[in-house]
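Visitor: Okay, here's the prediction I keep looking at, along with the sequence it came from:
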Amino acid sequence: MVIGRAMITNFFIPELNNYDVQELWFQQDGATCHTARAIIDLLKDTFSDRLISRFGPVNWPPRSCDLTPLDYFLWVYVKSLVYADKPQTLDHLEDNIRRVIADIRPQMLGKVIENWTSRLDYIRASHGSPMPEIIFKM
């Protein structure tokens, strides 16, 4: 929790000062380390009622691990490529992360967003029921 709080306090919030966050919503998953009281309080101070999180003003929807493109696409995609050559040092790992992120093309992100919006349409039409028929396309 100390690392998470320090990252939010020393990096994330100062970085947000470069943007107008009055309309910005913050969504985080329900991982225990993300929902410690100190972290939630810090995020509430920053985002007020625009925080989607367990124990936040707007509850993280149950069984919703794949609501955002970051969850269902980016982390899995990046991780698969970053670890492909089994980096043995932190520098090697960081280089791989930078390279993989830099190589993501706008066309790929367009497809990801297209898939995401079709998933949202499905959720709306099914009134939030489970999505077993959803196929994740690339």
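Guide: Yep, that arrived. In this text, all values refer to a predicted model and were calculated from it rather than measured experimentally.
Visitor: Can you name the next helix or strand after the helix or strand of the chain with the lowest mean pLDDT?
Guide: Of all the helices and strands that make up the chain, helix 69 has the lowest average by mean pLDDT, DSSP states H and E, namely a mean of 70. Counting by DSSP states H and E, the element after helix 69 in chain order, helix or strand, is helix 75-82.
Visitor: List the buried residues in that next one.
Guide: Judged by neighbour count (16 or more other Cβ atoms under 10 Å), helix 75-82 contains these buried residues: 77-78, 82. Just so you know, the C-beta spots here come from the backbone N, C-alpha and C atoms, and that holds for glycine as well.
Visitor: That helix - contacts with which helices or strands?
Guide: Packing partners of helix 75-82 (3 or more Cβ pairs under 8 Å, 6 or more residues apart in numbering; DSSP states H and E): helix 90-102.
Visitor: from the chain's centre, how far out does the helix it packs on sit?
Guide: In terms of Cα atoms, centre = their mean, to the nearest Å, the centre of helix 90-102 is set 19 Å apart from its chain centre.
Visitor: rounded to a whole number, what's the mean pLDDT of it?
Guide: Helix 90-102 carries an average pLDDT of 94.
Visitor: Just the buried residues of it, please?
Guide: 96, 100.
Visitor: Just the angle for it relative to helix 75-82, thanks.
Guide: When axes from the mean of the first three to the mean of the last three Cα atoms, to 10 degrees is applied, the directions of helix 90-102 and helix 75-82 differ by 130 degrees.
Visitor: any idea of the angle the next helix or strand after helix 90-102 forms with helix 75-82?
Guide: Next helix or strand after helix 90-102 toward the C-terminus (DSSP H and E): helix 106-125. Inter-element angle recorded for helix 106-125 and helix 75-82: 150 degrees (by the same axes, to 10 degrees).
Visitor: secondary structure class for the residue of the chain positioned farthest from its centre?
Guide: In the chain, the greatest distance from the average C-alpha position (Cα atoms, centre = their mean) is reached by residue 88, at 26.3 Å. Three-state call for residue 88 (DSSP: H, G, I helix; E, B strand; the rest coil): coil.
Visitor: Ok, residue 33 next?
Guide: helix.
Visitor: Ramachandran angles for residue 103?
Guide: phi -80, psi -10 (degrees, to the nearest 10).
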